[in-house]
Structure formats: C-alpha cells, structure tokens
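1. I'd like to go over a predicted model; first the sequence, then the structure.
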Amino acid sequence: MLYWIWLSQIKGVGPKRQRLLLEKFNTPDKIYNASLEDLMECPSIGRAIAKNIVAERSLERAKTILDNANSSNIKILTLDNPLYPQKSKDIEEMPILLYYKGKLVENSMGVAIVGSRRCSGYGKIVVHEAATYLAEENITVVSGMAKGIDGYAHTSCIKAEGYTIAVLGNGLDICYPPEHIELMEKIIENGAIISEYPPGTRPNPKYFPRRNLIISAWAYKILVIEAGAKSGSLITANFGRDHGREILAVPDNIYSTESKGSNDLIHNGAEIYLHKEQLLIENRYKVAENRHFDKSPTHSNNLDELEKAIMKILTKGPSTLEEISVLVDMDTMNLLGKLSIMELEGKVVVQGSRVKLN
C-alpha cells in the first residue's frame, strides 16, 4: 500500500501519467525501483518527469499518510481493488487511489443528486422524494455532503434505510462543512465517505472540481436540482455528460437565479426530470443480511441537548433563525445545518428564515 500512496503523491505526475506508468510496470513498487532510462521509455514521461520521479524516491511521506489513515480508521481503495467500480475507473482522470471511511459495497455506483446550497421548499420536496425512492429501490445515493440539496439527499436516503456515498474535497479526518459532523457520522454508519485527498488535507475551493468529477464518475445518472448559473453542480453535470452519464434536471421558475443553471441544462439537452421512475438503473447494491436500522420513532427523550433547547424555544411559537441563534448561542450557519437534519427527521419545519415545530 505504501507504494500506491507514494505514486499518488508525486508532484507533476497526475492520474493519466500514473496509469501509463502502471500499464508499463504493472505495480507501483516496480515504478519506484525503475531506472531513469526505463521510466523515460514510458509514454508521456520525458527526462524531466523521470528525474522528478527518481528524486521523490522516498516512502517517508507515504508512511506518515498511512499511519494517519490507520489512526483515523480511514481505508484505502486502489485501482486494482474490485470494489472500485469498473465504469468509474475506466475514466482516465479518476484517481488511482481513494481514501474512504464506512463500508463500500459491490455495485456501489448509483444516482448522484446535486444542487443548490440555498434550496427552496420545492427543492426540498423534490430531493426528499428522489432520495427516498432510490433508497427503497436499493440504488446508491451519491452526493457531496454540502449544505442544501446535498445534505437533504444524504439525510433522506438514510432516513429511508438506504445506502449513500458522500464525496469530499478534503481529508476524511476533517468535516466540511463543520456543521455536518452529525450527518457525516450517519453517512459513515450507513454508507461511506470518499476522498482522493489524504488525511489532514484542509478544504480548498481548487479541490472541489476534482470532487465533482468523482461524484459524476460514481453515478450512472445525475439529477440536478436548483442549480444556479455558476453552481458547482454544473461542473458535475458537465463531467457526467463528457463521460456518457445521463443528466436529468429539475425544471423551475425561469426568473429564479437559483435555478438558472438547471433550466439551462434542460435547454441544452439534459433530460427534463418529471417523475421519480426516471432515476431507475439496472445495477443495484446488495443489501447486507445483517444490516440493522433503528426503526423506532423519534421521541423527545432521545433528543440531544441542542435539539431540546431548540424544541423548547419553538413550543412558544415559530421563531427566526436569528432569534434561535442568539438563544442557543450558535452561529446561524451551524444552526441551519442542525435544523436541516431535524427537519428531515420530522421534528421542525424550516420556511426561509422562519422555523416552527412540525
């Protein structure tokens, strides 16, 4: 495993060149021990890159990464692992190595659901119905664990006893956004979180397009809900289109800035999404016989302390995000993440900036 990590971390040698090296030398350890002349015989590996590979011939960094992964219960998926979906690894831009927490199952590819971080009530209804249906059909829900549509997709899938995968643009020992820590833990329990970045890698906007590539590669179909004109969801859709994935977009108000991107996708040839049966695919994941879900209803006695405080406030009547934020001493962004999960658990209803008991 050390040699796989080493190969994945060589500067100036991206996934395409890594694959060419593997085609020539078969295994990463043989690449590590190859001579300068042998390296230069590989396509796209000139003298400068070959010298760089030789100069980085040390396993110290790889050992540190592996130790950090082991200490955080992070597993490693390499290109030769059968759990790496064939249709995903056929894309030459895909990483030769991925880190994951949770459980990867056979046939883990599914349907990606992506969209706006500021989703409307309409968007929430659509994503909830879609993710619930996919869960009931044993189809993986793939998304990016961002605020808004992503978070609702994962949570709805989990609530329906489904399997979900979140692809992150940072190390898996870091939760981003931070307010989704509870959601991340639930995803690990009911699916997996995946990243190409080693432990300790902080979130960075330049990593998100690569994250979006992996989301698209892990999906047979991509459903876009309420994407703005510059939404990262459009990057995911474009990657998917380039690699033969089916793109579906939810139609919405033509005057809404939050839906301009998804409406444009339809205008440019994406399939218009009108009913959940459009999401069906042939390949499904296999449900583990010993998989257990807590089907007991939610009662006030299994609320955490923050939920109890929020519920107590709302028993007096509807309140605004700002008012609740002050009363529970939490910033509104972190509070909104918590309320999103509470809403999908049927505890509260969030309408714009107003919150009330369900």
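-> Alright, I've got the coordinates.

2. List the buried residues for the helix or strand of the chain with the lowest mean pLDDT?
-> Across the helices and strands of the chain, mean confidence by mean pLDDT, DSSP states H and E is lowest for helix 332-344: a mean of 76. Buried residues in helix 332-344, defined by neighbour count with 16 or more other CB atoms under 10 Å: 334-344. No exception for glycine: its C-beta is placed from N, CA and C like everyone else's.

3. Kindly report the same for stretch 248-262.
-> Buried, per 16+ other CB under 10 Å, within stretch 248-262: 248-250, 252, 258-262.

4. Mind checking what helix or strand follows the least confident helix or strand of the chain in sequence?
-> strand 348-351 (DSSP states H and E).

5. returning to what we had before: can you list the residues that contact the least confident helix or strand of the chain?
-> 124, 128, 147, 151-152, 155-156, 159, 177-180, 182-183, 306-307, 310, 321-322, 324-325, 328, 330, 348-350, 355, 358 (CB atoms under 8 Å, 6 or more residues apart in numbering).

6. just checking, residue 193 is part of a strand?
-> Yes - under DSSP: H, G, I helix; E, B strand; the rest coil, residue 193 falls within a strand.

7. Nearest residue to it in space, ignoring adjacent ones along the chain?
-> Nearest non-adjacent residue to residue 193, counting by CB to CB, 6 or more residues apart in numbering: residue 166, 4.7 Å away.

8. Show me what the host helix or strand of that neighbour is packed against.
-> Residue 166 belongs to strand 164-167 when assigned by DSSP H and E. Packing contacts for strand 164-167, counted by 3 or more CB pairs under 8 Å, 6 or more residues apart in numbering; DSSP states H and E, involve strand 140-143, helix 149-159, helix 181-190, strand 191-195, helix 208-217.

9. For the least confident helix or strand of the chain, C-alpha coordinates in CSV please.
-> C-alpha atoms of helix 332-344 as CSV (Å, rounded to 0.1, in the frame of the first residue of the first chain):
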residue,chain,number,x,y,z
THR,A,332,-26.7,30.8,12.0
MET,A,333,-24.8,28.6,9.5
ASN,A,334,-24.1,25.9,12.1
LEU,A,335,-27.6,26.2,13.3
LEU,A,336,-29.1,25.8,9.8
GLY,A,337,-27.1,22.5,9.4
LYS,A,338,-28.7,21.2,12.6
LEU,A,339,-32.2,22.3,11.6
SER,A,340,-31.9,20.7,8.2
ILE,A,341,-31.4,17.3,9.9
MET,A,342,-34.1,18.0,12.4
GLU,A,343,-36.5,18.9,9.5
LEU,A,344,-35.9,15.7,7.7
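
10. and the gap between residue 20 and residue 113?
-> According to CB to CB, to the nearest Å, residue 20 stands 34 Å off from residue 113.

11. sorry, back to before: widest-spaced pair of the buried residues of helix 332-344?
-> By the measure CB to CB, 334 and 344 form the most distant pair in the buried residues of helix 332-344, at 16.9 Å.

12. Sketch out the low-pLDDT regions of the protein for me.
-> Low-confidence segments of the chain (pLDDT under 70): 287-302, 333, 344, 352.

13. repeat that with 80
-> Along the chain, the model assigns pLDDT under 80 to residues 286-303, 332-334, 336-337, 340-341, 343-346, 351-353.

14. hey, where'd the strands end up in it?
-> In the chain, the segments counted as strands under DSSP state E are 75-78, 97-102, 110-115, 140-143, 164-167, 191-195, 219-225, 246-249, 271-272, 319-320, 348-351, 354-357.

15. one step back: now, among the buried residues of helix 332-344, which is nearest to residue 282?
-> After measuring these against residue 282 - CB to CB - the closest member comes out as residue 344, at 28.6 Å.

16. give me the number of residues near residue 282?
-> By the criterion of other CB atoms under 10 Å, residue 282 has 7 neighbours.

17. correction: residue 24
-> Count around residue 24 with other CB under 10 Å applied: 16.

18. Equivalent analysis for residue 215, please.
-> Using other CB under 10 Å: residue 215 sits among 27 other residues.

19. before we move on, what about residue 121?
-> Neighbours of residue 121 (other CB under 10 Å): 11.

20. That one and residue 9, how far apart?
-> Counting by CB to CB, the gap from residue 121 to residue 9 is 45 Å.

21. for residue 23, same thing?
-> 20 Å.

22. Then residue 19?
-> 15 Å.

23. Can you pick out the residue with more neighbours from residue 23 and residue 9?
-> residue 9 (14 against 10).

24. right, and that one touches residue 65 too?
-> Yes - using CB atoms under 8 Å, residue 9 is in contact with residue 65, at 7.4 Å.

25. Any chance you could list residues touching both of these two?
-> What both residue 9 and residue 65 touch, as defined by CB under 8 Å, 6+ apart, is the set residue 198.

26. Next, the residues that contact stretch 48-59 from outside, please.
-> 2-3, 6, 10-13, 17, 31-32, 34, 36, 39-40, 45.

27. For burial, what's the neighbour tally of residue 222?
-> Around residue 222 there are 26 residues (other CB under 10 Å).

28. Quick check: bridge partners of it?
-> Residue 222 forms beta bridges with residue 112, residue 247, as assigned by DSSP bridges.
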